[in-house]
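**Q** Turn this into a model:
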Amino acid sequence: MSQAKAALEREPAVEIQPLAEQVIRTPGVSALPALMPGSLKTTEQPSAVVGPVAPLRTIPLARPRRENNNSIFQARVPAVIGEATFRGWMPVDGIISGQLGANGSTLAIKQRPQGLGPEPELTGEIHFKDMLRVNGHIACKVSSQKGTLIVDGSALVDGDIEVGAVVISGTVNGDVIAQERVELGAAAVVNGNISTRMLTMKPGAIFQGDCRMLKDESSTG
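**A** You can find the predicted model right below:
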């Protein structure tokens with residue numbers, strides 16, 4: 001019996017117990033059951049448990065979506081917003097989707113963002129009914145019998161305008177004819193003649209041309 005007790009007393013002298021404590025105290029790893037003294041003869045088994053656990057913390061749960069520069073981008077605001085008929089041509093730097101046929105077509109165009117450049121986004125003629133908003137650079141003749149045209153502060157229109165009413169906050173290079181009224185904002189720039197029944201200008205607006213006031217058809221005489 002005395003020899004057996006001596007063997008049990010020498011067993012804890014092996015420097016394996018601190019390694020077992022490290023395995024048990026490792027964050028994120030469930031506590032291991034107490035090992036028998038006779039099983040602590042090598043350090044290979046605990047090191048195999050610690051090895052693959054640490055890298056798992058750095059692996060993300062979900063991989064980020066791979067973006068394709070040809071199909072995923074922040075599309076810019078269309079050059080014109082509203083129901084209109086356009087004849088002409090336009091350069092496209094983006095995606096065109098929809099149907100094109102002889103009986104009619106519906107196309108959705110998403111273009112990459114860019115500032116106002118020397119080349120217009122639309123070139124031709126635009127005709128609309130109720131309301132049309134211009135946000136970009138167009139080189140078009142814009143016409144409507146009774147509609148209202150809004151030229152945004154960042155817009156540039158190179159062409160004549162003939163509409164019912166027009167509100168200009170950007171730049172127009174061409175003659176403007178509005179049967180009802182013309183409103184020029186503080187940052188408006190008009191290089192051309194204006195013909196209308198009513199003209200309002202805010203301080204800061206620039207107008208270079210002649211102004212002709214149309215006769216009110218409802219007036220008598």
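**Q** Could you double-check that residue 189 sits in contact with residue 201?
**A** No. Under the criterion of Cβ atoms under 8 Å, residue 189 is not in contact with residue 201, lying 11.6 Å apart. Where C-beta positions appear, they are placed from N, C-alpha and C, glycine not excepted.
**Q** So residue 100 versus residue 107, what's the distance?
**A** Using Cβ to Cβ, to the nearest Å, residue 100 is found at 7 Å from residue 107.
**Q** Where does pLDDT dip in the chain?
**A** Along the chain, segments meeting pLDDT under 70 span 1-75, 94, 101-102, 104-105, 109, 111-117, 217-221.
**Q** which stretches of it form helices?
**A** Along the chain, the segments classed as helices by DSSP state H run 2-10, 17-25, 44-50.
**Q** Convert the C-alpha atoms of stretch 85-98 to PDB, please.
**A** In PDB, the C-alpha atoms belonging to stretch 85-98 read as follows (Å, rounded to 0.1, in the frame of the first residue of the first chain):
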ATOM      1  CA  THR A  85     -42.700  62.300 -75.400                       C
ATOM      2  CA  PHE A  86     -39.000  62.400 -76.400                       C
ATOM      3  CA  ARG A  87     -37.500  62.300 -79.900                       C
ATOM      4  CA  GLY A  88     -33.800  62.300 -80.300                       C
ATOM      5  CA  TRP A  89     -30.800  60.500 -78.900                       C
ATOM      6  CA  MET A  90     -29.200  60.100 -75.500                       C
ATOM      7  CA  PRO A  91     -25.800  58.600 -74.400                       C
ATOM      8  CA  VAL A  92     -26.300  55.800 -71.800                       C
ATOM      9  CA  ASP A  93     -23.600  54.900 -69.200                       C
ATOM     10  CA  GLY A  94     -25.500  52.400 -67.100                       C
ATOM     11  CA  ILE A  95     -28.300  49.800 -67.500                       C
ATOM     12  CA  ILE A  96     -31.300  49.700 -69.800                       C
ATOM     13  CA  SER A  97     -34.100  47.300 -69.100                       C
ATOM     14  CA  GLY A  98     -37.600  46.800 -70.600                       C
END
